[in-house]
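Peer 1: Quick one, fold the following:
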Amino acid sequence: MTVKKVKYYLFLKDVITLSVTAFGGPQAFLAMVLDMMVKKRHYISEEDLWELHALCQVLPGPTSTQTISAIGYRIGGPNLAYLTLLVWILPATLIMTGAAILVDFLQTQTTGSLNFAKFIQPMAIGFIIYAAHKTIGKMVKTPEATVLMMLSAFVAFFYNSPFIFPIMLIVGGVSTSLKFNKQPKIEEKSGIKVKWDNFVLWGAVLIAAAILGHFTRMLPIRLFENFYRNGSLIFGGGQVLVPYLYTEFVEFKAYLTSEEFLTGYAISQGVPGPTFSISSYIGALSMRGMGIGGAITGGLIAAAGIFLPGTFLIFFVIKFWDELKKYRPVRAALEGINAVSCGMLIAAAYLLFEPMPANTFNITAIAGTYLLLQFTKIPTPLIIIVGIIVGVGYHFILNNWVY
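Peer 2: As a prediction, the model looks like this:
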């Protein structure tokens with residue numbers, strides 16, 4: 001793989017441009033990277049981009065973030081890669097941390113009411129259903145995968161523990177790896193040269209955070225461990241992250257209410273950059289009891305926790321992926337992992353809707369959002385902005401603030 005020699009500050013300038021203009025999720029992000037970094041700047045070839053993106057899709061963590069970091073790694077090694085990561089995630093992290101502080105402030109001014117978010121809460125369910133529809137269409141293509149998807153959704157309905165998800169991922173991957181004979185053969189070279197430094201770093205941080213969190217019981221450390229663990233297990237992108245975070249921080253630990261979570265998820269759909277930025281919103285609200293400083297700290301800790309593991313893993317695997325992908329069991333396991341991730345999406349839509357009143361208003365808002373996304377080209381941020389404006393207007397009228 002050949003890489004063009006570039007000035008690092010020009011590359012980072014392009015990264016920050018993407019971070020504040022890449023609306024529309026991973027698909028829009030990839031199209032912008034192809035246009036800016038391949039066709040315009042020629043940092044890497046188009047073939048190299050597809051290869052890096054495919055590798056990131058089969059690893060846990062945020063695919064878009066890993067892809068842009070991997071490009072930085074190819075161009076300038078680890079130092080540029082970490083700078084790329086920081087520049088890419090910072091705008092969305094700050095926006096979602098600020099959104100959390102604003103939501104908490106508005107609640108304190110209205111005796112805990114989230115009426116101003118009345119419209120965007122059911123809209124969030126519509127976004128999840130749309131994401132599930134698109135993801136299932138791409139990832140679930142065999143009867144075995146369909147069965148795994150439904151089983152994982154069923155388990156998630158009744159066992160809402162954050163510890164059940166990694167078990168299901170392992171079971172799904174192992175079950176489909178057993179039929180590796182159906183995968184086409186690729187000539188395998190004897191042995192794989194593996195450099196373990198980034199893998200050891202990933203594992204050491206995970207173990208250290210778990211031990212420190214257990215013995216100190218300090219909320220910032222426990223939050224970092226929670227997000228780092230989730231960032232190490234998520235296959236399938238930001239939409240798959242939703243059920244994990246909802247189960248752990250709403251149902252299991254009650255750091256947020258369901259309404260607060262839905263509001264944050266809807267807002268995150270209208271924010272440019274990585275979709276994993278909802279973690280900063282959750283982290284900020286989890287530490288709001290410590291004041292604005294605590295909320296900002298929580299948002300930054302959550303960002304570090306959710307983005308670092310995927311970065312460590314992509315830097316680890318990228319060095320020997322060309323050899324690893326030739327092994328048929330590895331490729332076969334991806335079918336089961338993806339199917340379980342899709343089951344998590346189905347569960348997420350149900351779990352998030354369950355606390356919400358099943359009235360005509362909410363069902364219409366959910367269906368309307370899905371139909372707009374499916375059959376129109378209206379930009380996602382515009383849909384969110386309209387929902388927020390209508391919700392704020394409704395809130396003012398309800399409280400007799402408009403005469």
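Peer 1: Would you tell me what the next helix or strand after the longest helix anywhere in the chain is?
Peer 2: Longest helix in the chain, counting residues (DSSP state H): helix 63-109. Toward the C-terminus, helix 63-109 is succeeded by helix 120-139 as the next helix or strand (DSSP states H and E).
Peer 1: which helices and strands does that next one pack with?
Peer 2: The helices and strands touching helix 120-139, judged by 3 or more CB pairs under 8 Å, 6 or more residues apart in numbering; DSSP states H and E, are helix 238-245, helix 258-269, helix 328-353, helix 360-375, helix 380-398. (Glycine included, C-beta is placed from N, CA and C.)
Peer 1: mind listing what's buried in it?
Peer 2: Within helix 120-139, the residues that count as buried by 16 or more other CB atoms under 10 Å are 120-132, 134-136, 139.
Peer 1: Name the next helix or strand downstream of it, please.
Peer 2: Sequence order places helix 143-158 as the next helix or strand after helix 120-139, per DSSP H and E.
Peer 1: just how off-centre is the following helix or strand past that next one within its chain?
Peer 2: Next helix or strand after helix 143-158 toward the C-terminus (DSSP H and E): helix 164-177. In terms of CA atoms, centre = their mean, to the nearest Å, the centre of helix 164-177 is found 19 Å from the chain centre.
Peer 1: Any chance you could list what contacts helix 164-177?
Peer 2: 144-145, 148, 152, 155-156, 233, 235, 243-244, 247, 329-330, 332-337, 339-341, 343-344 (CB atoms under 8 Å, 6 or more residues apart in numbering).
Peer 1: What of stretch 354-363?
Peer 2: Here stretch 354-363 makes contact (CB under 8 Å, 6+ apart) with 121, 122, 125, 258, 262.
Peer 1: Check the offset of that stretch from the chain's centre.
Peer 2: 26 Å.
Peer 1: Next: stretch 293-302.
Peer 2: 18 Å.
Peer 1: again with stretch 263-276
Peer 2: In terms of CA atoms, centre = their mean, the centre of stretch 263-276 is found 10 Å from the chain centre.
Peer 1: can you give me the end-to-end distance of that stretch?
Peer 2: Stretch 263-276 has an end-to-end distance of 15 Å (CA to CA, to the nearest Å).
Peer 1: ok, back up a step: pick the one among the contacts of stretch 354-363 closest to residue 89.
Peer 2: residue 262 (22.8 Å; CB to CB).
Peer 1: Grab the nearest non-local neighbour of residue 385.
Peer 2: What sits nearest to residue 385 in space, not counting adjacent residues and going by CB to CB, 6 or more residues apart in numbering, is residue 270, at 6.5 Å.
Peer 1: my guess is that neighbour contacts residue 378, does it?
Peer 2: No: taking contacts as CB atoms under 8 Å, residue 270 lies outside contact range of residue 378: 11.8 Å.
Peer 1: Which one of these two is surrounded by more residues?
Peer 2: residue 270 (20 against 11; other CB atoms under 10 Å).
Peer 1: what residues are up against that one?
Peer 2: Contacts of residue 270 (CB under 8 Å, 6+ apart): 23, 380, 381, 383, 384, 385.
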